[in-house]
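J.: Could you look at this predicted model? Sequence included:
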Amino acid sequence: MSLPVLYSFRRCPYAIRARLALRYADVPYALREVALRDKPADMLTLSPKGTVPVLHLPDGRVLEQSLDIMQWALAQADPQGWLTVAPLDDMRSLILLNDTQFKPLLDRYKYPERHPMQDRTTYRQQALDCMLVDLNQRLRRHTHLFAAQPCLADMAIVPFVRQFAQVDRHWWDHNELDALRNWLHSLTTSSLFEAVMAKP
């Protein structure tokens, strides 16, 4: 095996952020697009958890977590300083908030029929209170989450905000989160993002 092999699913936000980092760092890799209902046996052998992304390195190592893949890619090359724009602990704390608190609320907002304890509007408000209002305030101070340029946190979080925006596009286009909306549009229309979202 001469290239890393990435098992991915095009729309999965965890896989999107892994692909963003690999593309940004200009790391060549072989892409294996996974059908989630028919997961390949070789992926399950490497990573029994059965979720994407999974990166199989030529030296035999297997990276099973999207943030590990991002940080491995940035250790190969970080031309715009994604790891140095802000203190790493601060960026990791914001990503942890996204992954552990915002993501479950996003899932409830997307699929309220699976979580009938509350309605979609309530879940949306909880997601706003959990993280999105704070992100909007940050982005009113500078164009990205920690500074004028993007960092690890921007790229790790933007796929999840993108998913949130798609649940109710009319509401998203007319809400008061102007800075967050501009940030999302800027990042998701960039050549980097469009490249990793191209259909294989």
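T.: The structure has been received and is ready for your questions. Numbers count the residues shown, from 1 in each chain.
J.: ok, Cys130 - how many residues close by?
T.: For Cys130, the count of nearby residues is 17 (other C-beta atoms under 10 Å). C-betas here are computed from N, CA, C, even on glycine.
J.: Which residue ranges make up each domain of this structure?
T.: 5-79, 88-191 (automatic domain parsing).
J.: Out of those domains, which is closest to Met197?
T.: Across the domains of the chain, Met197 has its closest neighbour in domain 5-79 (6.9 Å, C-beta to C-beta).
J.: What's the mean pLDDT across the closest one?
T.: Domain 5-79 shows a mean pLDDT of 96.
J.: ok now it, how far from the chain's centre?
T.: 12 Å (C-alpha atoms, centre = their mean, to the nearest Å).
J.: Could you check how far Val52 is from Gln76?
T.: Using C-beta to C-beta, to the nearest Å, Val52 is found at 20 Å from Gln76.
J.: quick one, which of these two is more surrounded?
T.: Neighbours were counted for Val52 and for Gln76 using other C-beta under 10 Å; Val52 has more, 24 against 12.
J.: what separates that one from Ala18, distance-wise?
T.: The value you get for Val52 to Ala18, if C-beta to C-beta is used, is 8 Å.
J.: Can you pull the residues that touch both of the two?
T.: Taking C-beta atoms under 8 Å, 6 or more residues apart in numbering as the contact rule, Val52 and Ala18 both touch Ser8.
J.: Give me the buried positions along stretch 59-75.
T.: 63-67, 69-74 (16 or more other C-beta atoms under 10 Å).
J.: Between all of the residues you listed, which two are at the greatest distance?
T.: Between all members of the buried residues of stretch 59-75, the farthest pair (by C-beta to C-beta) comes out as Glu64 and Leu74, at 17.5 Å.
J.: Would you reformat the domains of the chain as a markdown table and include distance to Pro200?
T.: Listed next are the domains of the chain as a markdown table, based on distance: least, C-beta to C-beta, whole Å:
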| stretch | distance to Pro200 |
| --- | --- |
| domain 5-79 | 5 |
| domain 88-191 | 17 |
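J.: which residues sit in contact with Pro53?
T.: By C-beta under 8 Å, 6+ apart, the contact list for Pro53 reads 6-8, 12, 14-15, 18-19, 66, 69.
J.: Could you rerun that using 7 Å?
T.: 6-8, 14-15, 18, 66, 69 (C-beta atoms under 7 Å, 6 or more residues apart in numbering).
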